[in-house]
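Visitor: Using only what follows, build the 3D model:
(chains A and B)
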Amino acid sequence: MAPHVVISGIGVVSAIGIGRDTFWRHLLEGRSGVRPVTSFDTSAYPVHNGAEVPDFNGASHVRRLRAEAMGRASQFAIAAARLALDDAGLDAEVAGAAYGSRVGVVVGTTSGEPHIIEALDDALVAGRPDRVDQGFVRKYPSHMLAAHVAAEFGFRGVAVTVPIACAAGNGALAYAWDAIRSGAADLVLAGGADAFSRITFTGFARLGAIAPERCQPFDRGRRGMIPGEGAAMLLLESGEHARARGARVYAQIGGYGWSCDAHHMTAGHPAADGATRAMQMALESADLEPEDVSYISAHGTGTTVNDRLETLAIKRVFGRAAYAVPVSSIKSMLGHAMGAASAIEAAACALAVATDRVPPTMNLDDPDPACDLDYVPNTAREHRVEVAMNNAYAFGGNNSCLIVRRCEAAA
Amino acid sequence: MSTVAITGAGVVTPVAHTPAELHEALCEGVGAVRPLASFAAAGLPCDLGAAVDLAGLRQELSDRPTAGIDRIGQLTIVAVRRAIAAAGRPETSAMGLVLGTMFSGAHTIGEFDRRVLVEGPQFASPLDFANTVLNAAAGQAAIRLSLRGANVTISAGHASGLQALAYAADLIASDRAPLLLAGGAEELCLESYLGFGRAGLMCGTNGRPGHVPVPFDVRRTGFALGEAAAFLVLERDVDARQRGAAVRATIAGHASAIDPDALDRGYSGRCAIADVISTALRRSNVAPEDVDIVSASANGGYDGDAEEAAALAAVFGRRSVPPAVTAIKSVLGEMLAAAGPLQAIAALEAMRDGRLPGIRGLCDAGDCACAGDLRAETRPIHIETALVTSVSPEGNCCALVLRRAPEMP
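Guide: A predicted model of the protein is given here:
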């Protein structure tokens, strides 16, 4: 029988704080990470707000490698990985030597290292290909996110990046779950990382998808999403391995579902077919019924299309039970951290299971009549969380759903 | 665990449009590497590359408009479509796609951003933005071919494609997916060409004399960049038989790892490569003596080829007769993510035909002669078991074992 896979370490780098405790406290307080963009000049754009990680100093997290030899997303990933190892009680300085080939690294991302190709573009536009960074191919391709994490800590297992756009965090955790269950690894650092970029901001601005001020999922007055950045890495290990070393465990991964709409690159299927299938597949893989779910962490970007389709999908899967399960979107506070988003949300699910508290959907004052579920408006809630469901959707028509559940619940 | 059957393959390469044509081109040593005018803007002392003629794909893309589908997207759609046809057109509604790529649509991303710089953000194309996400090619293929199963993009450097195949094999073996297309796609573009040239990894860009992108050859001076897309159809052996599909071979096992010291060195070390190969053989229940051929990752890189040769020597050195080793990149160039799946497909063709293509242009293996039985000429050989390797400079290593099916046509 395949082993249980537990979450024993959580590392978060976010617009509302770095580290598990700060992140979770601020999330429950409803803090917002949305501010005017500082990383580049937005004066030529109609919108100016984003959710950047403030005061991030890569050099304080990247120690064996040189922070300046890699992009910001790799720095985020290493920082989150180091925090997760610390949180799991593993000494980052010796973990590589101690566990080496039994540790894998799987990192999800939407854009990889966009700043690195932006620098190449700056050189080309200036007519100076001779000024393109000689390290471009060692810094830009997205696989370097995982490779940098492995090299920083000396891990020798599988090290892959899963660039599955905004469902990438869930994708990485699903990959890691399978890797541990198959016996290919005992421990996997898995999550997601993305850096705020000119390319991403421009794209969403041109789609007219960015809200001018704040992110208001499920609210009638919503104006769109807020681009963000950050990283979360979770340390997953087999339950047996965690027990043997006396690790504290937050929750376990119960299963996942994946589907593709095969309908449109940027718009969801009008009947939410793929999103519905992903949730159903996740429940099936975890051997659960809809009634067993105690919390849904919504994709919840704050666009009208997403809010309504996700609500529809939840109703299709849960029927009448949809009204009894709290659903919240932490993107209301963090903005949309792209490939990192669902990894950060999975961290929130694990903490919800561990603490029996559910983070709120902020900025929800006047609900959209088409969105009539319990979205935990504006205030965190004490709530017994046995099973959390983490939804994430992505460009390319990808739909993902990850189950995070209490450990005792799965004998 | 279910047995993972291969029931079809599709390729898009500069020299061939079917696996059988690819095999012929490799056996004949028809090279695709030639001077390219398109990257003069890179200002590099190398102009070699192996490019696909996209115009030749137009017919197969004509069922719907190609506006909004970029180069890697087109390569992917055609290769996937060919693989589905070769597998006897199984029902696609539950079919998933696992696509390995290193650079994704880097040219689309660069062009999108350069337009912002030159003309202003208000002129950036929302249509192109959809293709700037790194999984765009997989999404485009899913839409075009109605693939509604899991849609996953994998990036592990030069090993991305073989890693995608390995991951897909695990998903099939553990019954997590019923039917998957798996492989890799890589486009030849200014951004990667310039990057590899500036890094001194391409032949002619690192001060070594001559342009000799010949794997394992003592005169090698770096690789020539190529492009391709290559996909295999994977399903449970029992499912394939039930639907009457011809099973060509099975994936017996695989292993992947990263060498964390490679970043400092600039190439994966022999110990890490040898470990991955040994682990893949062990998981496949294959002894080193039982490997008939190796399709190596070697690309003409100075250090990388020597390390891979040493790793093969470490794994197979005790055999009385060394394994036959081939490498396809002097014909096709370094196709990055597409290379591993294409090596696998070429190995299946060699298995079917009983001939192993030589290493085109190989004169003197010199320091790499320890790799095994290296030849420039095509040779007859009966193949039951083939080993495919992908090795990447940042440390990713992947090895996969293919076994002939009893009823292979």
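
Visitor: residue contacts, the closest residue to residue A:203 other than its chain neighbours?
Guide: Sequence neighbours aside, residue B:129 is the residue nearest to residue A:203 in space, at 3.4 Å (criterion: Cβ to Cβ, 6 or more residues apart in numbering or on different chains). Placement of C-beta: from N, CA and C, glycine included. Going by Cβ atoms under 8 Å, 6 or more residues apart in numbering or on different chains, residue B:129 touches A:202, A:203, A:204, A:206, A:207, B:112.

Visitor: Rounded mean pLDDT for the host helix or strand of the third one, please.
Guide: Think residue A:204. If you go by DSSP states H and E, residue A:204 is part of helix A:198-206. For helix A:198-206, the mean per-residue pLDDT is 96.

Visitor: what packs against that helix?
Guide: On a contact count with 3 or more Cβ pairs under 8 Å, 6 or more residues apart in numbering or on different chains; DSSP states H and E, helix A:198-206 meets helix A:114-125, helix B:106-119, helix B:126-130.

Visitor: And the helix or strand of chain B with the lowest mean pLDDT, what's buried?
Guide: Lowest mean confidence among the helices and strands of chain B (mean pLDDT, DSSP states H and E): helix B:126-130, at a mean of 89. When burial is assessed from 16 or more other Cβ atoms under 10 Å in any protein chain shown, helix B:126-130 yields the following buried residues: B:126, B:128, B:129, B:130.

Visitor: Which residue comes closest to residue 239 once chain neighbours are left out?
Guide: In the absence of a named chain, chain A is used. Nearest one to residue A:239, counting by Cβ to Cβ, 6+ apart, is residue A:4 at 3.7 Å.

Visitor: I was thinking of chain B, sorry if that wasn't clear
Guide: residue B:178 (6.6 Å).

Visitor: cool, and residue B:222?
Guide: residue B:203 (4.0 Å).

Visitor: Let me know how buried residue A:312 is, in neighbour terms.
Guide: Around residue A:312 there are 19 other residues, counting by other Cβ atoms under 10 Å in any protein chain shown.

Visitor: hang on, the earlier thing: any idea how far the helix holding residue A:204 is from the chain center?
Guide: Relative to its parent chain, helix A:198-206 has a centroid offset of 20 Å by Cα atoms, centre = their mean, to the nearest Å.

Visitor: List the contacts of that helix.
Guide: Contacts for helix A:198-206 (Cβ under 8 Å, 6+ apart): A:37, A:40, A:42, A:45-47, A:50, A:110-111, A:114, A:117-118, A:194, A:210, A:225, A:227, A:338, B:109, B:112-113, B:116, B:121-122, B:124-126, B:129, B:132.

Visitor: Name the SS class of the nearest residue to residue B:198 once chain neighbours are set aside, please.
Guide: Leaving aside its sequence neighbours, residue B:198 sits nearest to residue A:134 (Cβ to Cβ, 6+ apart; 4.8 Å). Assigned by DSSP: H, G, I helix; E, B strand; the rest coil, the conformation of residue A:134 is coil.

Visitor: can you tell me how far residue A:134 sits from residue A:145?
Guide: 20 Å (Cβ to Cβ, to the nearest Å).

Visitor: hey, where'd the helices end up in the stretch 201-350 of chain A?
Guide: Here the stretch 201-350 of chain A has its helices, by DSSP state H, counting those that start in this stretch, at A:239-244, A:273-285, A:304-318, A:331-334, A:341-355.

Visitor: if we compare these, which one ends up closest to residue B:383?
Guide: helix A:273-285 (37.6 Å; Cβ to Cβ).

Visitor: Enumerate every residue touching the residue nearest to residue B:222.
Guide: B:46, B:48, B:210, B:211, B:212, B:213, B:220, B:221, B:222, B:223, B:224, B:300.

Visitor: now, which of those residues lie within strands?
Guide: Applying DSSP state E to the contacts of residue B:203, the entries found in strands are residue B:48.

Visitor: Report the buried members of the contacts of residue B:203.
Guide: B:46, B:48, B:211, B:212, B:213, B:220, B:221, B:222, B:223, B:224, B:300.

Visitor: So which of those is the closest to residue A:325?
Guide: residue B:223 (54.2 Å).

Visitor: how far is stretch A:81-91 from where the chain is centred?
Guide: Using Cα atoms, centre = their mean, the offset of stretch A:81-91 from its chain centre is 18 Å.

Visitor: Same question for stretch B:261-275.
Guide: On the basis of Cα atoms, centre = their mean, stretch B:261-275 sits 20 Å off its chain's mean C-alpha point.

Visitor: list the buried ones in stretch B:197-208?
Guide: In stretch B:197-208, counting by 16+ other Cβ under 10 Å, buried: B:197, B:198, B:199, B:200, B:201, B:202, B:203, B:204, B:205, B:206.

Visitor: Farthest-apart pair in these, please.
Guide: The farthest-apart pair in those, when distances are taken by Cβ to Cβ, is B:198 and B:203, at 14.2 Å.

Visitor: Same drill for residue A:134 and residue A:145, tell me which one is more crowded.
Guide: residue A:145 (36 against 13).

Visitor: give the contact list for the closest residue to that one other than its chain neighbours.
Guide: Nearest residue to residue A:145, sequence neighbours excluded (Cβ to Cβ, 6+ apart): residue A:107, at 4.3 Å. Counting by Cβ under 8 Å, 6+ apart, residue A:107 makes contact with A:77, A:145-146, A:149, A:160-162, A:172, A:190-193, A:233.

Visitor: hmm, back to that, per-residue confidence for the residue nearest to residue B:198?
Guide: For residue A:134, pLDDT reads 97.

Visitor: wouldn't it be in contact with residue B:197 here?
Guide: No. Judged on Cβ atoms under 8 Å, residue A:134 makes no contact with residue B:197 at a distance of 9.6 Å.

Visitor: From residue B:346, how far off is the nearest residue to residue B:53 once chain neighbours are set aside?
Guide: Among residues not flanking residue B:53 along the chain, residue B:14 sits closest, at 7.3 Å (Cβ to Cβ, 6+ apart). For residue B:14, the distance to residue B:346 equals 14 Å [Cβ to Cβ].

Visitor: Quick check: residues of the stretch 201-350 of chain B near chain A?
Guide: Listed as neighbours of chain A in the stretch 201-350 of chain B under the rule Cβ under 8 Å from any Cβ of the partner chain: B:201, B:256, B:257, B:258, B:259, B:260, B:261, B:262, B:263, B:272, B:275.

Visitor: Counting neighbours, which of those residues comes out on top?
Guide: residue B:258 leads those on contacts (other Cβ under 10 Å) with 34 neighbours.

Visitor: you'd agree that residue is up against residue A:149?
Guide: No. Counting by Cβ under 8 Å, residue B:258 stays clear of residue A:149, with 9.6 Å between them.

Visitor: what is in contact with the two at once?
Guide: Common neighbours of residue B:258 and residue A:149 (Cβ under 8 Å, 6+ apart) are A:105, A:155, A:159.

Visitor: quick one: which of those is nearest residue B:363?
Guide: Nearest member of these to residue B:363, counting by Cβ to Cβ, is residue A:159, at 36.1 Å.

Visitor: What count of nearby residues applies to the closest one?
Guide: Neighbour tally, residue A:159, other Cβ under 10 Å: 34.

Visitor: list the contacts for it?
Guide: Neighbours of residue A:159 in contact, by Cβ under 8 Å, 6+ apart: A:104, A:105, A:106, A:146, A:147, A:149, A:150, B:156, B:257, B:258, B:395, B:396.
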